[in-house]
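Asks: what's the 3D shape of this:
(one chain, ligands or ions: 1)
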Amino acid sequence: MIDLKSMDLTELTDFFTQQGHPKFRAEQVFVWMQRGVTSFDEMSNLSKGFREELKKTASLTYAECYRKQVSKRDGTVKFLWRFPDGNAVESVFMEYKHGNTVCISTQVGCRMGCRFCASTIGGKIRDLTAGEMLEQVLRAQIHTGKKVSNIVLMGTGEPFDNYDNVRKFLQLVNHPKGMGIGMRHISISTCGLCDGIRRLADENLQVTLSISLHAPDNETRDQLMPVNQKYPVEELIRTCKAYYEKTSRRISFEYTMIRGVSDTQDAAKKLAGLLKGFPCHVNLIPLHRVDGRHLEPSTPQDIARFMKILEQSGLTVTVRRSLGEDIDAACGQLKSKTEQALTERGDIS
Ligand code: SAH
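Replies: Have a look, this model is predicted:
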């Protein structure tokens, strides 16, 4: 079966014309898919014969809403989507003043192994397709009945470990005949895969790039993030500077505040030195508690002290508002599940 939802308009056009159908069929099907129809029968402007033919050769990727949880604190919604192969991933829908945002997953599980993150427990199971990423945005919009205007690729998975599918997804969701979400309204977060950062720089897209930095020196970062052994801090920062030079897009550095590990005055000074003079943004994230991880969040006083040191050296700093913490929907709390796990937990009878 051909996965039509992961195809862009050019690929769809090739696919249909090769089968002897007129070109305009591609656009018709593309538009239906981006409206979120789940069967060919709903594509009412296609002839019955054509629909029957499609059913035999092609499939429409579909994310079934397996569970929906709403935060009592801030109205944030967490979805667990199940795909036909039994794998399940989470997305989060958040309402901000600047528009509704969906945080999507890019892989089932993650193999980056960051010590503070829940998404990586159990490793990576598989990459998500472009269609499966698009589905998370579409379904979130349909289930909430609210228009999505921003997307962040900050759920489970490492986007640059699944570069091609992520790139295809950006193209699909940005297409004016589809959801039409502007590149400037999309943020991609990476744990620091420099090859991916260089590739993205070459594409010169208007997306926002976030780097999960979390520590200002190799000694601390090595302990927290295994990826640092491959791409140490100096190389990461050098690559970020090259990215900025090429794209003129300011990078956002994510920095988790972990008590006694990353929140010391010494760490703040090192971080200030590392980023001095670089036009960027630092986003401090209070550590969210994750079962099985024995790290403690910083106190508000320590965060304030840390922030002051950065600001005094001229950096732009914000503290991330943690949304959906009561439903485990905050940064680093998202998980993937397999059919087996769902069954063991009694989620499926
Ligand atoms: N793999 C990508 C995308 C995930 S984004 C990346 O690493 O950037 C999720 C963000 O939440 C990352 O910045 C991640 O480092 C951060 N995070 C992970 N666990 C966390 C936790 N327990 N508390 C706060 N932030 C966390």
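
Asks: so where does residue 242 fall, helix or strand?
Replies: According to DSSP states H and E, residue 242 maps onto helix 233-247.

Asks: Next secondary structure after that helix?
Replies: Past helix 233-247, the next helix or strand by DSSP H and E is strand 251-257.

Asks: For that following strand, name the packing helices and strands.
Replies: Taking 3 or more C-beta pairs under 8 Å, 6 or more residues apart in numbering; DSSP states H and E as contact, the helices and strands that strand 251-257 lies on are strand 208-212, helix 233-247, strand 280-286, helix 300-312. Bear in mind the C-beta positions are built from the backbone N, C-alpha and C, glycine included.

Asks: Can you give me the neighbour number for the nearest residue to residue 6 once chain neighbours are set aside?
Replies: In this structure, residue 6 finds its nearest non-sequential neighbour in residue 131, 3.8 Å apart by C-beta to C-beta, 6 or more residues apart in numbering. Using other C-beta atoms under 10 Å, residue 131 has 24 neighbouring residues.

Asks: sec struct for residue 131, please.
Replies: Per DSSP: H, G, I helix; E, B strand; the rest coil, the local secondary structure of residue 131 is helix.

Asks: Distance check, it against residue 172.
Replies: Using C-beta to C-beta, to the nearest Å, one obtains 8 Å as the distance from residue 131 to residue 172.

Asks: Which residues are in contact with each of those two?
Replies: Common contacts of residue 131 and residue 172 (C-beta atoms under 8 Å, 6 or more residues apart in numbering): residue 6.

Asks: mind listing the helices for the protein?
Replies: Counting by DSSP state H, the segments of the chain that form helices are 9-18, 24-35, 48-57, 130-144, 163-174, 194-203, 218-224, 227-230, 233-247, 265-275, 300-312, 339-344.

Asks: what comes up buried for the fifth one?
Replies: Right, the one you point to is helix 163-174. For helix 163-174, the neighbour count (16 or more other C-beta atoms under 10 Å) marks 163, 165, 166, 167, 168, 169, 170, 171, 172, 173, 174 as buried.

Asks: what do you get for the shortest one?
Replies: Within helix 227-230, the residues scored as buried using 16+ other C-beta under 10 Å are 227, 228.

Asks: Just give the number of residues close to the nearest residue to residue 41 once chain neighbours are set aside.
Replies: Counting by C-beta to C-beta, 6+ apart, residue 41 lies nearest to residue 51, which is 6.2 Å off, once chain neighbours are set aside. By the criterion of other C-beta under 10 Å, residue 51 has 15 neighbours.

Asks: give the contact list for residue 51.
Replies: Per C-beta under 8 Å, 6+ apart, neighbours of residue 51: 40, 41, 43.

Asks: wait, isn't the last one in contact with residue 29?
Replies: Yes. Under the criterion of C-beta atoms under 8 Å, residue 43 lies in contact with residue 29, with a separation of 6.6 Å.

Asks: who has more neighbours, those two?
Replies: Each of residue 43 and residue 29 has its neighbours counted (other C-beta under 10 Å); residue 29 has more, 27 against 20.
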